[in-house]
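Asks: Dropping the sequence and predicted coords here.
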Amino acid sequence: MRQEFKWTAGLAALLLASCSGPADTPAETDDMSDAAATSDPAPAATDLAANEATDDAADAGALPATDISLSTLVWIDGLPRIADRRVVTQRGLYDNQPAFDGNGGLYFTRETENNQTDIFRLDTASGDAVPVTRTPDESEYSPRPSPDGASVTYIHQAPGGYGGQVYRHMLDGSSTGAAHEYGPAGYYALSADQSQMLLFALTDPLSLRWVNLALDIEAEVTTGLGRALYSAPDGQSAYFTLEHPEGGYIINQFSFDDSAVTPVFRLPGETEDYAVFTNPQGELSWLAASDGTLYYRATQSSWQPVDDLAAMGLTGISRLAVSPGADQLAIVAEE
């Protein structure tokens, strides 16, 4: 049964203390793991996850200098390889959280004046970036273009705030406002029809929350999650990570149809970041970066190394994004 929740107080304490783990974490099902998951609860969400969410949301003065590079994905014998890589945001500031639309654009979060952030859209053909939001006293981050191309959602942070609410901005300029009243949140994932979403809620402890925007109801799904929260390409489900008891992270699937949570597989190494997309053969596929290597797998296969990111000079990789046509890859790395 779904039940309502109320936001907890004392949010500043999230920066200073670790959070308790979930009461019930799904067991891992991936047979490629050399350390099978047990029924024990996963460890708590780490301070790193809390601080990263806060960095994106409120502590712009401490934001790391990151660049977004854009590459062509060339598919050879069913595997992707990087070609024609170029850095598209070399400014010595924070450029992060890339998300492709279906019209040749890449939305991302950019640090601007007064230690704030705005949403920008990069034309991947010309390399020109234009602001979507212009709010000198506020911040926006975590952009997600809608499937129909009519709007973009993002987290909006009011002046002096911590975290924020999910806002929807109509690209024709007709309206901008909160998609839902609940907050503060750091990340989110929307269903295909935009009627449901999952929230990385900045509660104590950090939690994953389900929200039905149409019915105005919501409930807690779990706690102890990582920051990587993405909608599936078809928008019928979303993916989130939980820490594995022996290290690393497990990807889990949340169904927008029946709210079922299903463990999928472990990510390679210690990474908690990934990109989920549909490959040219129509298969649900994944990319992840660990220890300077780019890994790929389709749902029914296992992780395979496909490119040497360290040899390209890419370090501190924090996010990946793949275009809807699986022909472009955005990589966020340290400047």
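Replies: Here it is on my side, so go on.

Asks: what's the helix or strand where Tyr188 lies packed up against?
Replies: Here Tyr188, judged by DSSP states H and E, is contained in strand 185-190. The helices and strands touching strand 185-190, judged by 3 or more Cβ pairs under 8 Å, 6 or more residues apart in numbering; DSSP states H and E, are helix 47-57, strand 139-145, strand 151-157, strand 165-170, strand 196-201, strand 230-231, strand 237-243. To be clear about C-beta, it is placed using only N, CA and C from the backbone, and glycine gets the same treatment.

Asks: Surely Glu335 and Ile68 touch.
Replies: No - with contact defined as Cβ atoms under 8 Å, Glu335 and Ile68 do not form a contacting pair (10.6 Å).

Asks: Which one of the two is surrounded by more residues?
Replies: Applying other Cβ atoms under 10 Å to Glu335 and Ile68 shows that Ile68 carries more neighbours, namely 24 against 16.

Asks: does the more buried one sit in a helix or strand, and which one?
Replies: strand 66-76.

Asks: what's the next secondary structure element after that strand?
Replies: strand 79-87.

Asks: could you measure Ser318 against Leu63, distance?
Replies: Ser318 is 12 Å from Leu63, where distance means Cβ to Cβ, to the nearest Å.

Asks: again with Thr112
Replies: For Thr112 relative to Leu63 (Cβ to Cβ), the value is 11 Å.

Asks: who's more crowded, those two?
Replies: Neighbour count, other Cβ under 10 Å: between Thr112 and Leu63, Thr112 has more, with 20 against 17.

Asks: count of neighbours near the closest residue to the more buried one other than its chain neighbours?
Replies: Excluding its sequence neighbours, the residue lying closest to Thr112 (Cβ to Cβ, 6 or more residues apart in numbering) is Asp118, at 5.1 Å. Around Asp118 sit 22 other residues, with neighbours defined as other Cβ under 10 Å.

Asks: What of Glu140?
Replies: There are 27 residues near Glu140, going by other Cβ under 10 Å.

Asks: before we move on, what about the one 4 residues further on?
Replies: Arg144: 24 surrounding residues under other Cβ under 10 Å.

Asks: Quick check: pLDDT value at the closest residue to it other than its chain neighbours.
Replies: Of all residues not flanking Arg144 in the chain, Thr153 sits nearest, at 4.9 Å (Cβ to Cβ, 6+ apart). The score at Thr153 is 97. That number is its pLDDT.

Asks: where's Thr153 relative to Gly177, distance?
Replies: Counting by Cβ to Cβ, the gap from Thr153 to Gly177 is 11 Å.

Asks: Among the two, which residue is more densely surrounded?
Replies: Applying other Cβ under 10 Å to Thr153 and Gly177 shows that Thr153 carries more neighbours, namely 23 against 10.

Asks: Do I have it right that that one meets Val166?
Replies: Yes - the criterion here is Cβ under 8 Å, and Thr153 meets it with Val166 at 5.7 Å.

Asks: which residues are in contact with both of these two?
Replies: Jointly contacting Thr153 and Val166 under the rule Cβ atoms under 8 Å, 6 or more residues apart in numbering are Ala179, Tyr188.

Asks: Once you drop chain neighbours, what's closest to Arg85?
Replies: Ser71 (4.1 Å).

Asks: what separates the one you found from Gly282, distance-wise?
Replies: 22 Å.

Asks: Pick out whichever of the two has more residues nearby.
Replies: A count of neighbours by other Cβ under 10 Å puts Ser71 above the other of Ser71 and Gly282, at 20 against 8.

Asks: any low-confidence regions in the stretch 1-150 of the chain?
Replies: 1-61 (pLDDT under 70).

Asks: cutoff 50 now
Replies: Segments of the stretch 1-150 of the chain classed as low confidence (criterion: pLDDT under 50) are 1-60.

Asks: CA atoms only: put stretch 270-281 into CSV for me.
Replies: Extracted in CSV, the C-alpha atoms of stretch 270-281 (Å, rounded to 0.1, in the frame of the first residue of the first chain):
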residue,chain,number,x,y,z
GLU,A,270,33.6,0.6,-7.8
THR,A,271,31.8,3.0,-10.1
GLU,A,272,28.3,4.1,-9.4
ASP,A,273,27.7,5.9,-12.7
TYR,A,274,26.4,4.5,-16.0
ALA,A,275,24.4,5.3,-19.1
VAL,A,276,21.4,3.2,-20.2
PHE,A,277,20.3,3.3,-23.8
THR,A,278,19.1,1.2,-26.8
ASN,A,279,21.8,0.0,-29.1
PRO,A,280,21.5,-0.1,-32.9
GLN,A,281,20.1,-3.6,-32.8
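
Asks: got the buried residues for it?
Replies: Buried residues in stretch 270-281, counted by 16 or more other Cβ atoms under 10 Å: Thr271, Glu272, Asp273, Tyr274, Ala275, Val276, Phe277, Thr278, Asn279.

Asks: so how far is that stretch from its chain's centroid?
Replies: Centroid separation for stretch 270-281 versus its chain: 11 Å, with Cα atoms, centre = their mean, to the nearest Å.
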